[in-house]
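A.B. asks: let's see this in three dimensions:
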Amino acid sequence: MKISTTLYFDRSINQLGNVQGNLAKTQEQLSTGLQIVKPSDAPDKASLVTRLESELSRQASYQDTLKAVNVRLTAEETALKNTSDVMVRIKELSVQAGNDTLSAQDRQSVALEIGTLRQQILSLANSQDSNGNYLFSGSRANEPAFSQDSTGRVSYQGDHARMKVNVGDNRRMNLNMPGSDAFTRVVRDDGKGGKVGVDFFQALDDLTQAVKGGDRTNIQRGIAEIDTLQGGISEGLGQVGADLTVVDMQTSVLDQVVLRLKTTRSGVEDLDYTEAITRMNKDQLALEAAQSSFAKISQLSLFKFLN
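C.D. replies: Residues are numbered from 1 along each chain as shown. Purely as a prediction, here's the structure:
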């Protein structure tokens, strides 16, 4: 009789503890919204969640890189569009300067405006992003793309590197447009039967001098060269635009990948609230029953005797 009562008591204690443990676990799941609160709850599922979170972190890194690339390329696009607009105005002024009806004073005014616009283009060519990096310096982002010496001569100080960044698994894309690819050179006859290359800003300076001196021959040459220079800017814009299209496409791809990963993770770890509430109600009923059973065993006279 003593052994039987003790056995019932032990079983009641174990049952009560198990029910209380199940109820506590369910309540914790409801408070967190997760079915896996601790790795020990479901080791296989917990391991899968860890792998999914690692992959989500990697994809988030690609997304952050794409955002930075988008900001950089958008700034380049803006600078090149503004440069193109300025070039249109320079051509208008050049055509006007080639008109015989302009007085010497008028030509000086036109030349002055062209010179001012040339300085504006130089400023655009040395545009910086929000981090202070020069947009058109190639890999030398901490140096201005173009420098102007004491005589006013401008030279390219960057390199020709097109930097690339990882924006996905086995996916790389351009980060920058070197200034030498956008602010191109023109080719002239050297007067000796050969050809010579003339830098972007030197061509503009030569045009300005031709306007000042009323040199119609070189003004016409300058007008043709403006078209060539504008062509380089347009090609640069086309390349940047194509790169921005890649950014949009890759962003869409990554968004879909991240959505799938999050959906998979949700299916593994998120709690089914309806099922959990039903389970909790059952656990509460089981707890009440276990407590009632324990109370009855505790009232047995033999149990009292054992105590």
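
A.B. asks: list the buried residues in stretch 176-192.
C.D. replies: 176-186 (16 or more other Cβ atoms under 10 Å). All C-beta spots, glycine's among them, are computed from the backbone N, C-alpha and C.

A.B. asks: quick one: which of those is nearest Lys282?
C.D. replies: Nearest to Lys282 among these is Asn176, at 62.9 Å by Cβ to Cβ.

A.B. asks: OK, contacts around the residue lying closest to the closest one once chain neighbours are set aside?
C.D. replies: Among residues not flanking Asn176 along the chain, Met163 sits closest, at 5.2 Å (Cβ to Cβ, 6 or more residues apart in numbering). Residues near Met163 by Cβ atoms under 8 Å, 6 or more residues apart in numbering: 138-139, 174-176.

A.B. asks: among the residues you listed, who's most crowded?
C.D. replies: Asn176 (27 neighbours; other Cβ atoms under 10 Å).

A.B. asks: residue contacts, it?
C.D. replies: Counting by Cβ under 8 Å, 6+ apart, Asn176 touches 72, 76, 135-136, 138, 141, 161-163.

A.B. asks: surely it forms part of a helix?
C.D. replies: No. Read with DSSP: H, G, I helix; E, B strand; the rest coil, Asn176 is coil and lies in no helix.

A.B. asks: for it, give me phi and psi.
C.D. replies: phi -150, psi 170 (degrees, to the nearest 10).

A.B. asks: kindly report the same for Gln128.
C.D. replies: Main-chain torsions, Gln128, degrees, to the nearest 10: phi -120, psi 160.

A.B. asks: run a quick neighbour tally on it.
C.D. replies: Going by other Cβ under 10 Å, the residues that sit close to Gln128 add up to 17.

A.B. asks: nearest spatial neighbour of it, skipping sequence neighbours?
C.D. replies: Per Cβ to Cβ, 6+ apart, closest to Gln128 is Tyr134, 5.5 Å.

A.B. asks: returning to what we had before: and which of the contacts of Met163 is nearest Ser127?
C.D. replies: Asn176 (11.8 Å).

A.B. asks: just the pLDDT at that closest one, thanks.
C.D. replies: We have a pLDDT of 91 for Asn176.

A.B. asks: from Asp243, how far off is it?
C.D. replies: Asn176 sits 9 Å away from Asp243, going by Cβ to Cβ, to the nearest Å.

A.B. asks: contacts for the helix or strand containing Arg107?
C.D. replies: According to DSSP states H and E, Arg107 maps onto helix 104-125. If you take Cβ under 8 Å, 6+ apart as the criterion, helix 104-125 is touched by 79-80, 82-83, 86-87, 89-90, 93-94, 96-97, 102, 136, 145-146, 148, 154, 179, 183, 201, 204-205, 207-209, 211-212, 214.

A.B. asks: re the thing from before, and the buried residues of stretch 176-192 as JSON lines, adding distance to Gly193?
C.D. replies: Formatted as JSON lines, those follow (distance: Cβ to Cβ, whole Å):
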{"residue": "Asn176", "distance to Gly193": "38"}
{"residue": "Met177", "distance to Gly193": "35"}
{"residue": "Pro178", "distance to Gly193": "32"}
{"residue": "Gly179", "distance to Gly193": "31"}
{"residue": "Ser180", "distance to Gly193": "27"}
{"residue": "Asp181", "distance to Gly193": "29"}
{"residue": "Ala182", "distance to Gly193": "31"}
{"residue": "Phe183", "distance to Gly193": "28"}
{"residue": "Thr184", "distance to Gly193": "24"}
{"residue": "Arg185", "distance to Gly193": "20"}
{"residue": "Val186", "distance to Gly193": "18"}
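
A.B. asks: from the residues you listed, which land in helices?
C.D. replies: 179-182 (DSSP state H).

A.B. asks: what is the nearest of those residues to Gly231?
C.D. replies: Proximity of these to Gly231 (Cβ to Cβ) peaks at Ala182, which lies at 10.6 Å.

A.B. asks: count of neighbours near the residue nearest to the closest one when sequence neighbours are not counted?
C.D. replies: Excluding the flanking residues, the one nearest Ala182 by Cβ to Cβ, 6+ apart is Gly236, at 3.2 Å. Counted with other Cβ under 10 Å, the neighbours of Gly236 add up to 24.

A.B. asks: thanks again, I'm all set now.
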